[in-house]
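[1] Predicted structure and sequence below. I'll ask about it afterward.
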Amino acid sequence: MRARSARIALALYPLAYRRRYGDEMAALVEDSGSSSAAVLDLLRGAARAHLHPEPAVAAEVAPDERRRLGLAAVLLCWVLFSFAGLGLYKTTEGRDFEGNVSGGGLIHAAHVGIQMLALVGSLAIVLGAAPLVLAALRQTRERPAARRAALLAGGCVAAFLGATVALVLVAQAKLGLGAGLEALILAAWTLLAVGCGVGCAIAARRGLLAIDVPARVLRLATGCAAVVALAMVAIVALTGVYLVALIAGFPDLAGEPNGPLGVPGARASVTLQLVAMVAISIPAGLAARRAVKAA
Amino acid sequence: MRYISERSTDPGLLVLASLAEGPKHGYAITQDVEAMAGVKLGPGSLYGALSRLEGRKLIEALPSEDRRRPYKITAAGQEALDEQLKMMKRVADTGLRRLRAAGATS
């Protein structure tokens, strides 16, 4: 179990570190044993390597690869960001919210702005990713790594679609499962959806490193990644505005237990989502910057 | 006292001190450091230190046929280690002298 944890911790190091020191570190872990302290030390080391990369080690990854890694990181961040956004959507749905929000004012403007930016970000993802997906699919025959990446992505999409169809069927069948069980099913679907999204982002990363991509396609994807990162930052700002407007203008609504699964109040729920969005948008911005700089 | 103790467990310094004896690979460095300073260097700390030292050209990797690549200290590394150890010795000597003086007067 600990050996597996150590392998996972090693896999969390940046690619440049794994290329330069991966084999040696794996040999050291084999020789000295993978205690809990060693796993923690590896996790700390991986975080440090991401935050303060050594320029000499970073050179192990070519600029073109760095750009591709940056693009994959932006995609992963967008997937995670979308789930924070889904939490915001679930918190701000319901007649009370819609009635107050549609009344105009700052909260309405922020709500509309968030939806518009989410649409812009999603379109940028599709525009940037579609030519890359097509290129990967064309190269699956001659490149086993691209084939494996396509199979992983396909499996994740199939699992997500299967779970969603099952969820819709359960909802339509009106089985009278009770609020608790329904909430559990929704939570399970959400976890599975997050897993599928992360799986797709991992597949995209592996595929991007395995295929030949025309320079203009990479340029387009890099531009789209920059748009996605900017959209995320703007959504964070507007979510902050929404939260302030909610607390100041609608204190009763802010206290309603409208969060996911009806557990937290709307104020706490939006605050948590805002924190998650900030935490995700920072690495997204850094990854997009890395991709643009490597271009 | 505490400050000196923290300085003496700086992974970079410990690795340099270990390599001053001759080239070693990762596991041999951790074993040597444990025997020398009573500190166990974790794999993340060790390779974090090795990457920093290599980046500053204080150590260099030697060719190896298996996964256990040895490292050796460079001339710049020897100079940096010498300078740091002399500074630490000055601090330790002065501190000990002052402690003895304080003990004699109290």
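    Received, thanks. Numbering: from 1, shown residues only, chains lettered A, B, ... in the order given.
[2] Could you use CA atoms for every contact and neighbour count after this?
    Fine.
[3] Which residue would you name as the spatial centre of the chain?
    Just so you know, I chose chain A. Within chain A, the residue whose C-alpha comes closest to the C-alpha centroid is A:Leu80; the distance, by CA atoms, centre = their mean, is 2.6 Å.
[4] if you could check chain B rather than the one you did, that'd help
    Within chain B, the residue whose C-alpha comes closest to the C-alpha centroid is B:Leu14; the distance, by CA atoms, centre = their mean, is 1.9 Å.
[5] picking up where we left off before, which pLDDT does the model give the residue nearest to the centre of chain A?
    A:Leu80 is assigned a predicted lDDT (pLDDT) of 93.
[6] host element of it?
    A:Leu80 is located in helix A:63-91, with elements delineated by DSSP states H and E.
[7] Okay, buried residues for that helix please.
    Applying a neighbour-count criterion of 16 or more other CA atoms under 10 Å in any protein chain shown, the buried positions in helix A:63-91 are A:63, A:65-85, A:87-91.
[8] Can you give me the neighbour number for residue 105?
    With no chain named, the answer covers chain A. For A:Gly105, the count of nearby residues is 12 (other CA atoms under 10 Å in any protein chain shown).
[9] other chain: chain B
    Taking other CA under 10 Å as the criterion, the count of residues near B:Thr105 is 6.
[10] Repeat that for A:Gly178.
    So A:Gly178, with other CA under 10 Å, has 8 neighbours.
[11] For chain B, which segments count as strands?
    Using DSSP state E, the strands of chain B run over residues B:59-61, B:71-73.
[12] With respect to burial, which of the ones you listed scores highest?
    Burial among those, expressed as mean neighbours by mean count of other CA atoms under 10 Å in any protein chain shown, is greatest for strand B:71-73, which shows a mean of 23.
[13] Show me what it is packed against.
    Here strand B:71-73 is seen to pack against helix B:11-19, strand B:59-61 when contacts are counted using 3 or more CA pairs under 8 Å, 6 or more residues apart in numbering or on different chains; DSSP states H and E.
[14] from what I can see B:Gly48 touches A:Ala49, true?
    Yes - using CA atoms under 8 Å as the test, B:Gly48 is close enough to A:Ala49 to be in contact (7.5 Å).
[15] report the longest helix in chain B, please.
    The longest helix of chain B (DSSP state H) is helix B:75-105.
[16] Would you mind listing what in chain B touches chain A?
    Along chain B, the residues adjacent to chain A under the rule CA under 8 Å from any CA of the partner chain are B:26-27, B:42-45, B:47-48, B:51-52, B:55, B:67-69.
[17] Residue in chain B with the shortest distance to chain A?
    Closest approach of chain B to chain A (CA to the nearest CA) occurs at B:Gly44, with a separation of 4.2 Å.
[18] what about the residue lying closest to A:Ala226 once chain neighbours are set aside, how many residues close to it?
    Nearest-residue entry for A:Ala226: A:Ala288, 5.4 Å, with adjacent residues in sequence omitted and distances by CA to CA, 6 or more residues apart in numbering or on different chains. Other residues within reach of A:Ala288 by the criterion other CA under 10 Å amount to 29.
[19] related to what we said a few turns ago, tell me what the longest helix of chain B is packed against?
    Judged by 3+ CA pairs under 8 Å, 6+ apart, the packing partners of helix B:75-105 are helix B:11-19.
[20] In which helix or strand does the residue nearest to A:Ala226 reside?
    Using DSSP H and E, the element containing A:Ala288 is helix A:266-294.
[21] Would you mind pulling up the elements that that helix packs against?
    Here helix A:266-294 touches helix A:63-91, helix A:215-249, helix A:251-255, going by 3+ CA pairs under 8 Å, 6+ apart.
[22] For chain B, what's its nearest residue on the stretch 101-250 of chain A.
    Going by CA to the nearest CA, chain B is nearest to A:Ile202 of the stretch 101-250 of chain A, at 23.7 Å.
[23] Looking at that residue now. What's its pLDDT?
    Model confidence at A:Ile202, given as pLDDT, is 92.
[24] cool, and the one 3 residues further on?
    At A:Arg205, the pLDDT value in this model is 91.
[25] Over to the one 5 residues further on?
    Note for A:Ala210: predicted pLDDT of 90.
[26] same deal with the one 5 residues further on?
    You'll see A:Ala215 listed with a pLDDT of 89.
[27] ok, now A:Leu134?
    Predicted confidence (pLDDT) for A:Leu134: 90.
[28] relative orientation of whichever strand or helix holds it and helix A:63-91 in degrees?
    Secondary-structure element containing A:Leu134, defined by DSSP H and E: helix A:105-138. With axes from the mean of the first three to the mean of the last three CA atoms, to 10 degrees defining the directions, helix A:105-138 sits at 140 degrees from helix A:63-91.
[29] which helices and strands sit right next to helix A:105-138?
    The elements that helix A:105-138 packs onto, with contact taken as 3+ CA pairs under 8 Å, 6+ apart, are helix A:95-101, helix A:144-173, helix A:179-210, helix A:215-249.
[30] if we can go back for a sec, would you mind putting the helices and strands packed on strand B:71-73 into TSV with mean pLDDT alongside?
    TSV is the format used below for those (pLDDT from 0 to 100):
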stretch	mean pLDDT
helix B:11-19	95
strand B:59-61	95
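[31] How about the contacts made by the nearest residue to A:Leu186 once chain neighbours are set aside?
    For A:Leu186, the nearest residue in space outside its immediate sequence neighbours is A:Leu167; the separation is 7.8 Å by CA to CA, 6+ apart. Residues counted as contacts of A:Leu167 (CA atoms under 8 Å, 6 or more residues apart in numbering or on different chains) are A:Ile185, A:Leu186, A:Trp189.
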